Each structure stands twice: as C-alpha cells, then as structure tokens.
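> Below is the sequence, then the predicted model.
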Amino acid sequence: MFKLMHTKNSLIKQLIRSKHKATHWSVLRKKIHPTDKALEHFDDFYKDVYGSLWLNIRKGLLGKQKYVAVLNNYADTEPTMTALENAGALNMRTLYTLEKDNINEALEKRKRLAYLENIIKQESDSVEDVQPNLPVEKAEKPTASLEASLSNAVIDSSRLVSSNDSSSASSLSHFLPATKLKGMEDFIPESQHYKYFDETAQSSKLEKEYNLHFPEHLNIYCFEEDNFSKFESPKRDLTNVYNYYVMDGGSVLPVLALDLKPGHRFLDMCAAPGGKSYVALQTLYPECVSSTFTIWTNGGLNRIVLK
C-alpha cells in the first residue's frame, strides 16, 4: 500500500506495509491451535501403538458424529419402528446379527479348509514314506583355513598406532576442539519409549471375547455408512411419552460392553444428559438403574421416559 505525503514544495511517495487483524482468516489459518498440538502428539505416539489401524482410528475421531435413535420401550414401539424403516433407517441389532453370522460362516469355512489341508498333507507324507526320495549328494566348497586367510590378508599399517613411536604417543594427548555439538539429535520422543515395552513380560493372561451380546429388546436405528441424515423430532404417543431418544452412536458401545444381564444393577456416576442410563434402561435387564439425581428431576430422561 502506498501513502502519499505532502510537503511544502514536493510530493513524497512512501511504501507502507499493512497487517491483517488478528481475526482475519489468513491469520487464523496460520495459527497453531491446541488441537493441532494434540493431533501432532497423537500421531507421534499412537501410530506406533496401533500401526496401520491408526489412520482409520484417527479418521473416526475427527469424523462427524453419527446419531442414532434409541426406541422407548415404554411407548408404542411398533408404529415407530415402521416409520423409521420407511425413512431408510436400519436396526443395529439386525445388522449386528447378520455381521455375526457372516463372521461365524467365515470361521467355519476356514476350519474346513484347514481340515482338508491337513488331510492332504497326511496323504502326501504317507506317499513319501512308501517311496522316499533318494538323497542327493552335494559337493562341498573347500574353505580356506584361518592361517591361510591371515597370510593373504592386506593389513593397513597406516591406521596402527605404535607404542614405541614417541611422536604418535604424544599426539594422542593433544587437545582437539569440538567440531560438532550434539543436542536435539539425541532427544528421544515419547513415542519411542513405547518401543521398549516388552509384551512378553506381562504376567496377566488376556483372552479375546468375540461374543458380544446385543439385548433382544434394545432397538437402535441408524442410517447407513456416510449417511448423516437427521432424525425427526421425537413425538409423544398415546401413553404420553416420547417414542425415541436421539443420541450419539458412540455412547451405545459402553453399555453393550458392560454385557448387562437380567437382575443386574446399573450405576452411572456421570450422567449428563443421561444417554447411557437411558440405553441401559431400554435393555429391560437391570432391576435398578441409578444415575445423577438432576437428570430425573430437570433432565431429558424424566421427560422422555416418565412424562
């Protein structure tokens, strides 16, 4: 930007550099936010922990929230299920059952193939026992002895420092200035400390559990992958309660991981607004669901379930 300055008898042309405001988009784009630092730390540490899976995990953490509709079993569920399915929503329990059947079918197929491969291997071994292969003699390459190798070796005498040579001995005590300082090159990032962890040193035994129980009366509806359509606002039915509750789909997984059974007691120490307590209540398994007092007096669960 140029600025014109008038004097008494002349006109001066001066170049002035203007800066953008702190709220300008170009300034905000260059600014390093705390979330950027957190992502940098996560990429440095968890990439070594999860390996190739970290890219998908990172994408899920940064992706848009996926909302689901959890049906209220204290309302009339049949019309609600029909309306949601007509809108294109899918029942998560049905999807889980189909995926589980596909996994079990793949495991059975893998077992059958392993069994057939074992039979073929046993038959081939029995044929080799009847007609064994004749051994093939291989000529061994002659190897030179150690003394012969040393006699033919060429020794670089210029690299040897003789103790009898006074000039060489005195040069070893001369001061040599440092040519390079070692600093950040020796710094070990936090992610490298994980590499020193030895998994074999663990005394505890870990067992993988593949059978995740999905409660029969828990009806959760969602849209297909990459479909972020919004659900309609919940409506009251003839029982004067709302027909479903819309919540983040990630909040459903902790309740399923608890593997609730009939007669269990459920305690939610941090219920705000109480979505996990609502999911546990809709399984119809716990005999007692205890949560933060405010969600039943001022929160949404009181309006959805009781009123």
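Here it is on my side, so go on.

> tell me, which helix in this protein spans the most residues?
In the chain, with assignment by DSSP state H, the single longest helix is helix 92-130.

> residues of it that come out buried?
Met92, Arg93 (16 or more other C-beta atoms under 10 Å). Using the backbone N, CA and C atoms, a C-beta is placed for each residue, glycine as well.

> Could you pull up the mean pLDDT of that helix?
The average pLDDT within helix 92-130 is 85.

> Likewise for stretch 257-269?
pLDDT averaged over stretch 257-269 gives 90.

> Same question for stretch 214-221.
For stretch 214-221, the mean per-residue pLDDT is 94.

> With stretch 235-254 instead?
Computed over stretch 235-254, the average pLDDT equals 89.

> Stretch 37-46 now?
Stretch 37-46 shows a mean pLDDT of 88.

> which parts of it are buried?
Buried residues in stretch 37-46, counted by 16+ other C-beta under 10 Å: Phe45, Tyr46.

> what's the answer for stretch 56-65, then?
Within stretch 56-65, the residues that count as buried by 16+ other C-beta under 10 Å are Arg58.

> Just the strands from the stretch 101-250 of the chain, written as ranges.
With DSSP state E, counting those that start in this stretch applied, the stretch 101-250 of the chain shows strands at 220-222, 244-248, listed in chain order.

> Now do the helices in this structure.
In the chain, the helices defined using DSSP H lie at 25-30, 34-50, 54-62, 77-86, 92-130, 146-152, 166-171, 190-193, 252-257, 275-282, 293-297, 300-301.

> These into TSV, with extra columns for distance to Ser229?
What follows is the helices of the chain, written out as TSV (distance: least, C-beta to C-beta, whole Å):
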stretch	distance to Ser229
helix 25-30	30
helix 34-50	27
helix 54-62	19
helix 77-86	11
helix 92-130	15
helix 146-152	77
helix 166-171	81
helix 190-193	39
helix 252-257	18
helix 275-282	20
helix 293-297	28
helix 300-301	22
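
> how about these, which one is nearest Cys222?
helix 92-130 (5.8 Å; C-beta to C-beta).

> Deepest-packed of the strands of the stretch 101-250 of the chain, please.
strand 220-222 (a mean of 23; mean count of other C-beta atoms under 10 Å).

> Adjacent strands (with direction) for that strand?
Its sheet considered, strand 220-222 pairs with strand 67-71 (antiparallel), strand 90-91 (antiparallel) by DSSP bridges.

> what's that strand in contact with?
66-71, 81, 84-85, 89-93, 244, 249, 252 (C-beta atoms under 8 Å, 6 or more residues apart in numbering).
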